[in-house]
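Chemist: sequence and predicted structure are below.
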Amino acid sequence: MGSADVQACCTPFYEAVLDTMAVGVGTALLDAGCGGGFALQLAVKRGATVTGLDACAPLLDIARERVPGADIRQGDLESLPFAEDTFDAVTAFNSIQYAADRVAAARELRRVAKSGARVAILIWGAPERCESRVILAAIGGLLPPPPPGAEGPFALSVPGRLEELAEAAGLVPERADEVPTPLIYPGLDTAVRTQMSSGPARLAIEHAGEPGLRRQPPARRQLPPGQRLPVPDRPGLTS
Ligand SMILES: C[S@@+](CC[C@H](N)C(=O)[O-])C[C@H]1O[C@@H](n2cnc3c(N)ncnc32)[C@H](O)[C@@H]1O
């Protein structure tokens, strides 16, 4: 856990967003809900100055290993500890859908972005085409109860919902794209290690303990033999 190669199959997803955001030398980037810091690591390779924030302390430890010296903070998406007009680019990779108040979280992304800077909000693809859905369903019963009235992690994946959220937060939707990201790993060990270090898995471990998570039936058994779900992650709205 914590080495860059374990998230290699998702690299095109992150790179596509960093390209769209024109992240390069000198860009001041905030990744809100940075988890283990993989996107931050890719941005640093481009010469960006990165800041990461997440609620999950064990994932932040991994992020600090990946991007030594970066400003990595524990905090809440709905109340970012940064001044307004601070960042040249703000990203939220599959994190905002977990906030109790998503509009408040999106407003915070807008507040800390400099005037005219882009904000990218990434969400899961439509559930019927998203491999992560199978994994999230497998661990769902081990997660703490969601806040009252909370919608599931795929609510924003309904066409038009992300744009509505952006507008409610004062962002101006510019474009929405899909980035196909098939989850292909070199072996089962790598797949398990990677998935065990995901945000939802860490939350399940904190709530139910690691043995509970490992006892869950492998997600792949929930698919018909030999079948793969073709296109997982839909995301992307930049503003
Ligand atoms: C699916 S993970 C994605 C992590 C990372 N962005 C990535 O692409 O690997 C969701 C992340 O959002 C974080 N998160 C969820 N709700 C949050 C909140 N209200 N404030 C801060 N972080 C939050 C979780 O701790 C987790 O790391």
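Modeler: Yes, it's here. These figures come from a predicted structure and were not determined experimentally.

Chemist: and the protein, which residues reach the ligand?
Modeler: Contact residues (C-beta under 6 Å from any ligand atom) of the chain with the ligand: 33-36, 38, 54-56, 59, 76-78, 93-95, 98-99, 198-200. Yep, even glycine has a C-beta here, placed from its N, CA and C like the rest.

Chemist: tell me the SS of the residue nearest to residue 25 when sequence neighbours are not counted?
Modeler: Computed as C-beta to C-beta, 6 or more residues apart in numbering, the closest residue to residue 25 that is not its neighbour in sequence is residue 47, at 3.4 Å. Following DSSP: H, G, I helix; E, B strand; the rest coil, residue 47 is assigned to coil.

Chemist: pretty sure residue 47 is touching residue 24, no?
Modeler: Yes. With contact defined as C-beta atoms under 8 Å, residue 47 counts as touching residue 24 (5.8 Å).

Chemist: so which of those two has more stuff around it?
Modeler: When residue 47 and residue 24 are compared for neighbours, residue 24 comes out ahead with 15 against 11, by other C-beta atoms under 10 Å.

Chemist: name the element that one belongs to?
Modeler: Counting by DSSP states H and E, there is no helix or strand that carries residue 24.

Chemist: surely it touches residue 45?
Modeler: No. Here residue 24 lies out of contact with residue 45, judged by C-beta under 8 Å, at a distance of 10.4 Å.

Chemist: which parts of this protein are strands?
Modeler: 28-32, 49-54, 71-74, 87-93, 113-122, 175-176, 237-238 (DSSP state E).

Chemist: now the helices: where do they sit in this protein?
Modeler: In the chain, the segments counted as helices under DSSP state H are 11-20, 38-45, 57-66, 102-112, 131-140, 161-168, 188-196, 199-208, 210-215.

Chemist: ranking those by burial, who's on top?
Modeler: Comparing the helices of the chain by mean neighbour count (mean count of other C-beta atoms under 10 Å), helix 38-45 ranks first with a mean of 23.

Chemist: give me the angle between it and helix 57-66.
Modeler: Per axes from the mean of the first three to the mean of the last three C-alpha atoms, to 10 degrees, the angle that helix 38-45 makes with helix 57-66 is 20 degrees.

Chemist: which ones are touching residue 14?
Modeler: Applying C-beta atoms under 8 Å, 6 or more residues apart in numbering, we find residue 14 in contact with 38-39, 42, 93.

Chemist: any idea how far residue 32 is from it?
Modeler: According to C-beta to C-beta, to the nearest Å, residue 14 stands 14 Å off from residue 32.
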